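>>> Have a look; sequence and predicted model below, questions after that.
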There are 2 protein chains.
Amino acid sequence: MPVTIRDVAEQARVSVATVSRALSSPHLVNHVTRERVIAVATRLGYRPSPAARSLITGRTGNIGIVVPDLGNPFFTGVLKSVQARARAAGYALLVGDSDEDPAAEEELVRVMTKQVDGVLLCSPGIKDGLIVTLAETTSLTLLNRRVRGIGAALMDSAGGMRQLVAHLAELGHRRCAYLGGPRNSWSNRERRRGLRAAARQHNVEIVEIGPFPPRYDGGVAAADLAVAADVTAIVAYNDIMALGVLARLRDRGIDVPGELSLTGFDDLVFAAVCMPPLTTVAMPVREAGRGAIDLLLGQLGDERPAISQLDLPTHLIVRATTAAPPKRRARGRSSR
Amino acid sequence: MPVTIRDVAEQARVSVATVSRALSSPHLVNHVTRERVIAVATRLGYRPSPAARSLITGRTGNIGIVVPDLGNPFFTGVLKSVQARARAAGYALLVGDSDEDPAAEEELVRVMTKQVDGVLLCSPGIKDGLIVTLAETTSLTLLNRRVRGIGAALMDSAGGMRQLVAHLAELGHRRCAYLGGPRNSWSNRERRRGLRAAARQHNVEIVEIGPFPPRYDGGVAAADLAVAADVTAIVAYNDIMALGVLARLRDRGIDVPGELSLTGFDDLVFAAVCMPPLTTVAMPVREAGRGAIDLLLGQLGDERPAISQLDLPTHLIVRATTAAPPKRRARGRSSR
DNA sequence: ACACGGGCTACAAACGTTTTCCTGTGGTCT
DNA sequence: AGACCACAGGAAAACGTTTGTAGCCCGTGT
């Protein structure tokens, strides 16, 4: 039923070899026969079978991406950029959602591996060792995670935290809560690292709470613990958590930023439109997605590794959830 | 380099045929040899080549989904649900983002078609005729679009609009603006249809503006035209547009819902956390995604068409952007 | 003792490409 | 005029599976 290369060959009165060449190595076949072949091919609506092609070439024309949560606009942001870039380069995109489960991440990569030319792994909870193991099976590029010897597009989370802490310190905050994301997420570790270093430097005290699921409900849950911690500012692992915190604080009648300052991370669209608009750190999501794909594609093309990492800057965006701490700590909600 | 079925066969001292059967039709092979084969296969880490398999079986184990915008949480919501369901059924998911360009949508389907067993088309701008044409090439299921003879999961947009208008009418609104989405999106037509019918019934006047790109910036742009239209309520095509409107109104110092009521559509997470929280219509996104995949998979399994449509209810969620219209129309921003 | 059949397994064809190797043709250089 | 070469295109192998068919062995019924 479907039209094969044979059909085209017959109608164009050439061999299948010629059809193949006419379509994929134009310089190897005479101009006029090529025209003829192409004409027939388009008339018949011929599309080569990717299965047959990849069986012989060993390439699939696909690339895979696995993310921890398709419900998080941060990841769909990179997904969108990645999809566009991949498609522009003639690749189709396979997507897997691991639901933040490292085991699922690994399995996803394993399943994809035979079906793609390379996979882009986003901010995984997988252990480093496992990552290099996986990288032996398929070409792997990381996003927001640094592993020795593996290509990666990285956004400077630590730097973002430094800016954030500097901002809070300048406002006068001396004791802040950090609402942690997934324990062994690289992003979380980076953010914590940047946070600690900057806190030491600016002489602000950090009380770490968590880990929490890096989702809206995670923020809701975290909010209560944060207010109990007797701090003047809350630094959330990311924007959606911050939104959850914001909602919970509103419910409890706690004024932001009057009584408590709050910051997010990622600068999702919604950070700008929530009320009050969220002070956060902008991540170069588009560039990272684009860069990651370029890295991956480059890795496929060349023979020599050419492994490299792409470092992208972040920057603080001050909106309306941060202000000077209240004069006296009259909230009395602290447990001690 | 990669381990093939031959390697397994040799090590297990059976023929390749037996290996194949041992792995995919267990009842056809003796218990003990099957065990042996499986042992060898796992020891070697054998994974059958999807390309070779699909070349002979004609099935790929993939399904495709094309959406208009991966940046819209509505679509990533269905994407997430779809991905989960597909994976549970042993299918991998190919995703395409058309950027709301009908031509891109078509091309995406065309490109995917050889690579998937079926595709799920989300709320496309493609014309009906073209859809049935595409459906001849591959099995197609629609989401949020009704086309005769094609399986679809549908959410009752029109019904949602009816509830919305009833709500507004009850509050006392008599003249509302509708901020239209993409002109030939089925969802937009449905929503407009429901809106008009309900408006007639409740005796409220509708002024239609648009179409606008159904994105945040689309809403920002639409806001000004809406306030110029001298209405007491704005019905936006969807939530992100509504958020754009909200932001713009805030910038202009127009109070919502005091001076102007506003409604969205979709009930994204962010509709609940923006300020004021958005009155909107909840869409059964998860169920729709799940249902669409089930429909698609069913269509693949059976020989007889079994084409059916799945209709899912929507419901109004009243939050804080709707209120009674101001007593006198003192805004004076109308152009006449 | 023989025919028969059921259970397992091996052989080989087939899927639709790409690619290697080869042949033929005509032109150019010495 | 002969040798050589570039160019076009064909035949066939190969990729890694699945599956139809055939063969073998053994048990059972006559």
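Nice, I can see it.

>>> so where do the helices sit in the stretch 1-150 of chain A?
Across the stretch 1-150 of chain A, reading from the start of the chain, the helices by DSSP state H, counting those that start in this stretch fall at A:5-12, A:16-24, A:31-44, A:50-57, A:73-88, A:102-112, A:128-137.

>>> could you give the mean pLDDT of the fourth one?
pLDDT averaged over helix A:50-57 equals 94, rounded to a whole number.

>>> Could you check how far it is from the centre of its chain?
Helix A:50-57 has its C-alpha centroid displaced from the chain centroid by 30 Å (CA atoms, centre = their mean, to the nearest Å).

>>> ok, now the longest one?
For helix A:73-88, the distance from its own C-alpha centre to the chain's C-alpha centre is 9 Å (CA atoms, centre = their mean).

>>> show me where the stretch 101-250 of chain A has strands.
If DSSP state E, counting those that start in this stretch is used as the criterion, the strands of the stretch 101-250 of chain A fall at A:118-122, A:139-143, A:152-155, A:175-179, A:205-209, A:233-236.

>>> So which of those strands is the most surrounded?
Here the criterion is mean neighbour count by mean count of other CB atoms under 10 Å in any protein chain shown, and of those the winner is strand A:233-236, at a mean of 30. Where C-beta positions appear, they are placed from N, C-alpha and C, glycine not excepted.

>>> That strand pairs with which strands, and in what direction?
Each strand pairing with strand A:233-236, determined using DSSP bridges, is listed with its direction: strand A:175-179 (parallel), strand A:261-263 (parallel).

>>> As JSON lines, these with mean pLDDT would be great.
Below are the strands paired with strand A:233-236 laid out as JSON lines (pLDDT from 0 to 100):
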{"stretch": "strand A:175-179", "mean pLDDT": "96"}
{"stretch": "strand A:261-263", "mean pLDDT": "97"}
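
>>> Is it possible to get TSV of these that adds distance to B:Leu44?
Output for those, formatted as TSV (distance: least, CB to CB, whole Å):
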stretch	distance to B:Leu44
strand A:175-179	46
strand A:261-263	51
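
>>> Could you point out which of those sits nearest DNA strand D?
Between DNA strand D and the strands paired with strand A:233-236, the shortest gap by CB to the nearest atom of the strand is with strand A:175-179, which sits at 46.9 Å.

>>> buried residues in the lowest-mean-pLDDT helix or strand in chain A?
Ranked by mean pLDDT, DSSP states H and E, the helix or strand of chain A with the weakest confidence is helix A:269-273, at a mean of 84. By neighbour count on 16 or more other CB atoms under 10 Å in any protein chain shown, the buried set for helix A:269-273 is A:Val269, A:Phe270, A:Ala271, A:Val273.

>>> Same question for stretch A:187-196.
The neighbour-count criterion (16+ other CB under 10 Å) identifies A:Ser187, A:Asn188, A:Arg189, A:Glu190, A:Arg191, A:Arg192, A:Gly194, A:Leu195, A:Arg196 as the buried residues of stretch A:187-196.

>>> just stretch A:103-120 next, same as before
Of all the residues in stretch A:103-120, those buried under the rule 16+ other CB under 10 Å are A:104-106, A:108-109, A:111-120.

>>> can you check stretch A:58-68 too?
Buried residues in stretch A:58-68, counting neighbours by 16+ other CB under 10 Å, are found at A:Thr60, A:Gly61, A:Asn62, A:Ile63, A:Gly64, A:Ile65, A:Val66, A:Val67, A:Pro68.
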